[in-house]
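Asks: Build me a model:
(3 chains)
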Amino acid sequence: MGILPFVAELGLIDHHCHGVLRVDSTRDEFESLLLEADGVSPLGGTFFDSAVGFAVRRWCAPLLDLPRHARVEEYLERRNSLHITEVSRTFLMASGIHTFLVDGGFQPDRLLSAEEMASLAGAVSHDVVRLEHLAERVREEVSPAEFVDAVRVALAGSGAVAAKSIAAYRTGLGLPAARPSDAEVLRAVEAWTGRLADPVVIAFLAWEALDAGLPLQFHVGYGDSDADLSLGDPLLLTPFLRATASLGVPVLLLHNYPFHRHAGYLAQVFPHVFCDLGLATHGLGHQAPRVLAEALEIVPYGKFLFSTDAFGLPELYYLGALLFRRALSDFLADGLRRDAFLEEDAHRIARLIASENAARVCRL
Amino acid sequence: MGILPFVAELGLIDHHCHGVLRVDSTRDEFESLLLEADGVSPLGGTFFDSAVGFAVRRWCAPLLDLPRHARVEEYLERRNSLHITEVSRTFLMASGIHTFLVDGGFQPDRLLSAEEMASLAGAVSHDVVRLEHLAERVREEVSPAEFVDAVRVALAGSGAVAAKSIAAYRTGLGLPAARPSDAEVLRAVEAWTGRLADPVVIAFLAWEALDAGLPLQFHVGYGDSDADLSLGDPLLLTPFLRATASLGVPVLLLHNYPFHRHAGYLAQVFPHVFCDLGLATHGLGHQAPRVLAEALEIVPYGKFLFSTDAFGLPELYYLGALLFRRALSDFLADGLRRDAFLEEDAHRIARLIASENAARVCRL
Amino acid sequence: MGILPFVAELGLIDHHCHGVLRVDSTRDEFESLLLEADGVSPLGGTFFDSAVGFAVRRWCAPLLDLPRHARVEEYLERRNSLHITEVSRTFLMASGIHTFLVDGGFQPDRLLSAEEMASLAGAVSHDVVRLEHLAERVREEVSPAEFVDAVRVALAGSGAVAAKSIAAYRTGLGLPAARPSDAEVLRAVEAWTGRLADPVVIAFLAWEALDAGLPLQFHVGYGDSDADLSLGDPLLLTPFLRATASLGVPVLLLHNYPFHRHAGYLAQVFPHVFCDLGLATHGLGHQAPRVLAEALEIVPYGKFLFSTDAFGLPELYYLGALLFRRALSDFLADGLRRDAFLEEDAHRIARLIASENAARVCRL
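Replies: Numbers count the residues shown, from 1 in each chain, chains lettered A, B, ... in the order given. Model prediction:
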C-alpha cells in the first residue's frame, strides 16, 4: 500500500483547480474549507474527525516538520507560525503537479491567480474561464442586445485553455439538447435579474464554449449544499452530450462522486466525453483507492484525468495529488497482481491519466 | 477479520429498532422476517440461501448450543424447543446493546414494548414515537378542527426521545420545503380517508416533531415492496433539510442502502443531519464491511450512528450488533494498516459511532 | 485469485446472449464491439486500453497460441490468419457454456442463429424471442385490427423459452402498471410509424409474454448511447413488477450495472424477479469481482443468474464465462475465508447461479 515507484515519479497536470488563499485561516475557516459543509456544528463535532481531516494530520504534518498524526492544535499552531506563502509553496511544490489549470472565477479576491500559483509552485499554469462568471461580468457591461456578441468576443479573447460550467449549481445538469437561438438568449437576458440561473443562458454559454473550441468542464456531483446533488447527476447531461458529440470538442465531467460510475459510462459511450474524480480524491482520504477503482471500471484509460479541484488550502493540492498517486498505485498494483496487464501497460495507463490525456484534450 | 478488542467491548446504543415477537415463529414466518420480501416463493428458493440466512446459521447457532453452520432444520428445531423468551433474552444479552430506542408504532400487539425489551435484555430503553401512527390514533379521537392541537399535545406528552417518520412509505421523501399552514393541514385532514398518505399532513408531522425538539428519524432506502425504493432516495429530502437546518434539531437518515453515499453527503453538508446503515447491516451478512466503509467515505465521524432496525426476530439484534462490530473493526483495522490514523483516534471514532453520537444527538 | 476447482468445472447456462459474427472484423469493428461506444475516437485513444481490452490480450491470446498479453497487432493478425469459424469454435468451446439462450432479434443477418451457435459450440441452444422485433415484423404483415391477435399467435408459436424486452431503449423502463386494453393497443398501433417506440404497445408485449408463460427478460442499465441510461434504472419497473407479481411468471433483469444494487433489491422483495450482471461481467475485466460481490449483497442466491450478453465477438462469450468464474470464485473464497458458509454451501450457491436457477426459471 505504498506507492509504486513509477507512479510516485509521475509529473501531474491538474486539469482543474482553484487558487490558494492569500491569507492565514482561523481554525473555523480551515475546518470549513476541508469539507463542503458551510461550517462546523456543535451537534456533529470537529471536521478533523473525517477522512480528509485525518489525512491532513497524517500527510501534511511532516511537511511542516511535525510528526505524522500531529494533534490538531499543534498542527494549526505550527502552520500559523509560518508565513502563508511559505506554507503554500511547501505543499504546492511537494505535490509534483507541474501544470495547473486554474478556474479563477470564484472568489478571485481571496485567492491567488493562475499566474501567481505558477510562480509560487515553480510550475506552469493556464486559465480556465468560468462561464457563468464571465457572463455575469459581460451582463454588467453591455445591453441585452449586445450580450451574445460580447460573450463571443470575451470567449475568443479569454486566453483560456478550457471553459468551466457550474450549471449543476444554477439550473441542474438537465441542459436542453438544442442550441438556444440568439433570439431566445436575448429574451432570457432581458428577463435575467440577480445571479445567473437561467437555463437558456447557461446552455448558450456551454454551446459557445464548444464553438470556440474550448474543452468544456462541468461541475458534476459532490459539492456544497448550495446545489441539489440530485441535479448534479451526469446522466442528466445525456441529451446535451448526444447533441454535441459531432462537434468533436471535449466535454469533461468533474468530481462525479457519488455518480462516478455514471460518468464512466458517459465517457465510454460518447467520443468527446472525459471524466475525473477531482474533489472526491482528497475528500475520501484513505478510502480514495476503492472509489478510484470504481471510477475506472468501464471508462477507457484514455478518457480519465487527474485533477484536485483544490480550493483555498494548499494542503488540498498536496493531498489531492498524494491520495491520487496512492489510489492509482493501488489500482495498478492490483491489476499487476491479478496479471491483468503487463508492467509496461501499467506505466502507459499511469502516464495517460496523470498528464497525457489532459495534454491531448486541452492541447497543452 | 476478527474483531479488534476495543471494538468487541464497545457498549452500543441502538438508536433505532423495534420490539421482538411475543411468540414462536413457523419456518415460513422466520424466513420472511429475515428479508424484506413478503414471503418465500418456490420460484426463488429458501431465504436461508442469502447473506443473512447464512449469518444466522454461522453466528446464531452457537448461542443455542449448536455447531456453527448448523443445518436450517436443526436450528429451527432447537429454537422451537426453547421458550421464545429464553431465545430472545439470549440474543439480546449477547448483542452488547445497553440502550434500545424502540419504535413501537408498527404491529405493537405482536411485539414487546420498549419497557419489556429493556427488562428482558437487562438494558435501558426509550421510546421513539412513530409520527404516522400517532397521527392515525389522534385522527380517530378528535375532529379535524382539533387535529393540529391534539397532535401537538400528543407529541409534547409522548415521553419519547426521538420521532420517526415513514414518509418514504406513504408519500416518498420529497417533502415540501415550506411548513404547511394550520389551514392547509385542516383541509388535508378533512380530506383524509384510510391510511395516512397525505403529503401535507406528513410534512406537518415532521415539522411538529422538530418544533418539539425531537430528533427526527426518517426511514430511507432499503425496505419492503410496499414502498417504491426510488421514492426513498434521501436526496429527495434536500429541500426539507435546507429549510430545517436553522432549527438546530437533528435529522437522522436510517438504513439508506443503496443510497448510503447520498446520505453521507447530506450528513456532511447539513449541520443537523446524521445517518446510519441500520437494516442493511444484518441484511448484508459477511459483506457488511464493504458497505459500511462506503457509508463512512465522506461523512464526518461525529455524524454516523449505530442501529439495528431489528424487528421481530431476536437473532437480528444480535446479528446487527455483531456484523456492525465486524464491519467497524475491518474499517478501523484497514485505516490502521494504511496508517491513516492513530490507534487512539481509532478508539475515539469507534466510541463516537457506537454510542457517543447517539447519546449527544438524542440527549440520553 | 485463481479459480476454485469446483467453480472452474461448473457447466454454465448462458441465459441471455446473441450470436457470433459470420465474418471477420477489421480492427475498428473489433474495437467498437468490445465496448458500448459507437466507435473509436482519436480524442480518447484505442479501446484496447480498457478493462475488456486488456482482458482480451491476457486471456484470449493464449487460446490462439500466442503468449498472454500479446500485443494488439499480433493478436489481430493471428486472429485474421485463422478462419472465423475456427476462432469462434475455439472460444465458444473454451467457455464451458453448455446451453445458450439466444436473442436472435438484433442484426440477425450478421450473426449465427441459435441453432448454428449450438452446432458450432457442441452445446444446446434455445431461442429468446425479442418482443419489439416480433412486433415490428407482425406490424408489417397484418392490419392494425389484426395486430393483437397476430402477436398472440406469434408468441404462442415462437418456440422460445423466454422473451426479451428492450423497453429501456425505446421508452424507458417506466412501463405503466396497468395492462393496456385491446382498444388502447389498437389506437397505438394505428398511430405507430417507424421504429416501435410506443409505450402502450411495448407494455402490451410485456404483458402478453407473461400471459404466454414466457420468462420475461428486460435490458436494464449498461448499454449503448442510443438509450438514456437514466431511463434504464430498474426501479422504474417497480409499478410493473408490483402489478405482475401475482402472475407467477419470472421477470429477469439483465446487466443492471451501475444499478445492480437496485436490481438485487427488486429480486429480493418481488417473488418473481431475478437478476444477473450480464454485459457488465466482461466489460469490467479484472474488476468484475468487486461488482459481482456488490450485486450479490442482498439478493437471495436462488435469484441470481449467469449470462454473458455476448454479441458478435466470440472472445466475449469466453471472457464473460471466465471472468464470471473468477468473480464468483473470489466471492465464494472470501466467504469461506470469513467462515460465512460451509464449503458445501459454497458449492450449492455456485451451482444455483451457474445453471440451476436458469434451468428452473426457464424450465430447461
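Asks: Spell out which residues of chain A are next to chain B.
Replies: Within chain A, the positions adjacent to chain B are A:1, A:35-39, A:41, A:43-47, A:49-51, A:53-55, A:57-58, A:68-69, A:222, A:224-225, A:228-230, A:257-258, A:280, A:283-287, A:290-291 by CB under 8 Å from any CB of the partner chain. Every C-beta, even on glycine, is put in place using the N, C-alpha and C of the backbone.
Asks: Those residues in helices, which ones?
Replies: Among the residues of chain A next to chain B, the residues falling in helices (DSSP state H) are A:51, A:53, A:54, A:55, A:280, A:283, A:284, A:290, A:291.
Asks: which among the residues you listed gets closest to residue A:181?
Replies: Using CB to CB, residue A:280 is the member of these that lies nearest residue A:181, at 37.2 Å.
Asks: Run the chain-centre distance for the one helix or strand residue A:87 maps to.
Replies: Under the criterion of DSSP states H and E, residue A:87 resides in helix A:84-94. Relative to the centre of its chain, helix A:84-94 is centred 20 Å away, using CA atoms, centre = their mean, to the nearest Å.
Asks: which other helices and strands contact it?
Replies: helix A:114-121, helix A:314-337 (3 or more CB pairs under 8 Å, 6 or more residues apart in numbering or on different chains; DSSP states H and E).
Asks: CA atoms of the longest one as CSV?
Replies: This points to helix A:314-337. This file holds the C-alpha atoms of helix A:314-337, laid out as CSV (Å, rounded to 0.1, in the frame of the first residue of the first chain):
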residue,chain,number,x,y,z
PRO,A,314,-2.6,24.5,-0.1
GLU,A,315,-2.8,21.2,1.8
LEU,A,316,-5.6,20.1,-0.5
TYR,A,317,-3.4,20.3,-3.6
TYR,A,318,-0.8,18.1,-1.9
LEU,A,319,-3.4,15.7,-0.6
GLY,A,320,-5.2,15.6,-3.9
ALA,A,321,-2.0,14.6,-5.7
LEU,A,322,-0.7,12.3,-3.0
LEU,A,323,-4.0,10.4,-2.5
PHE,A,324,-4.4,10.2,-6.2
ARG,A,325,-1.0,8.6,-6.5
ARG,A,326,-1.8,6.2,-3.8
ALA,A,327,-5.1,5.3,-5.3
LEU,A,328,-3.7,4.9,-8.8
SER,A,329,-0.9,2.9,-7.4
ASP,A,330,-3.3,0.5,-5.6
PHE,A,331,-5.3,0.1,-8.8
LEU,A,332,-2.3,-0.7,-10.9
ALA,A,333,-0.7,-2.9,-8.3
ASP,A,334,-3.9,-4.9,-8.0
GLY,A,335,-4.1,-5.2,-11.8
LEU,A,336,-0.4,-6.5,-11.9
ARG,A,337,-1.1,-8.9,-9.0
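Asks: Run the angle between that helix and helix A:84-94 for me.
Replies: 10 degrees (axes from the mean of the first three to the mean of the last three CA atoms, to 10 degrees).
Asks: what is the orientation angle of whichever helix or strand comes after helix A:314-337 with helix A:314-337?
Replies: Using DSSP H and E, the helix or strand that follows helix A:314-337 in sequence is helix A:343-351. Compare the direction of helix A:343-351 with that of helix A:314-337 by the same axes, to 10 degrees and you get 160 degrees.
Asks: elements contacting helix A:343-351?
Replies: Counting by 3+ CB pairs under 8 Å, 6+ apart, helix A:343-351 packs on helix A:5-8, helix A:314-337.
Asks: Tell me the buried residues in it?
Replies: By 16 or more other CB atoms under 10 Å in any protein chain shown, the buried positions in helix A:343-351 come out as A:345, A:346, A:347, A:348, A:349, A:350, A:351.
Asks: in the helix holding residue A:87, what counts as buried?
Replies: Of all the residues in helix A:84-94, those buried under the rule 16+ other CB under 10 Å are A:84, A:87, A:88, A:89, A:90, A:91, A:92, A:93, A:94.
Asks: what pLDDT, on average, does it get?
Replies: Per-residue pLDDT over helix A:84-94 has a mean of 97.
Asks: what is the orientation angle of it with helix A:114-121?
Replies: Counting by the same axes, to 10 degrees, helix A:84-94 lies at 80 degrees to helix A:114-121.
Asks: could I have the next helix or strand after helix A:84-94 exported to CSV, CA atoms only?
Replies: Per DSSP H and E, the first helix or strand lying C-terminal to helix A:84-94 is strand A:97-103. Output in CSV follows, covering the C-alpha atoms of strand A:97-103 (Å, rounded to 0.1, in the frame of the first residue of the first chain):
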residue,chain,number,x,y,z
ILE,A,97,2.0,19.0,-10.1
HIS,A,98,3.9,20.7,-13.0
THR,A,99,0.9,22.3,-14.6
PHE,A,100,-2.2,23.9,-13.1
LEU,A,101,-5.4,24.7,-14.9
VAL,A,102,-7.0,27.3,-12.7
ASP,A,103,-10.6,28.3,-12.6
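Asks: does the residue in the stretch 1-150 of chain A positioned nearest to chain C count as helix, strand or coil?
Replies: Residue nearest to chain C within the stretch 1-150 of chain A: residue A:15 (14.4 Å; CB to the nearest CB). Under DSSP: H, G, I helix; E, B strand; the rest coil, residue A:15 falls in the strand class.
Asks: That one touches residue A:309, doesn't it?
Replies: No - at 9.8 Å, residue A:15 does not count as touching residue A:309 under the criterion of CB atoms under 8 Å.
Asks: Distance-wise, check the residue most central in space within chain A relative to residue A:325.
Replies: The centroid of chain A falls nearest to residue A:309 when counting by CA atoms, centre = their mean (3.2 Å). Per CB to CB, to the nearest Å, residue A:309 is found 16 Å from residue A:325.
Asks: Residue A:8: how many residues sit nearby?
Replies: 13 (other CB atoms under 10 Å in any protein chain shown).
Asks: now it, nearest residue through space, not along the chain?
Replies: residue A:325 (6.3 Å; CB to CB, 6 or more residues apart in numbering or on different chains).
Asks: now residue A:94
Replies: Closest residue in space to residue A:94, ignoring its immediate chain neighbours: residue A:318 at 5.4 Å, by CB to CB, 6+ apart.
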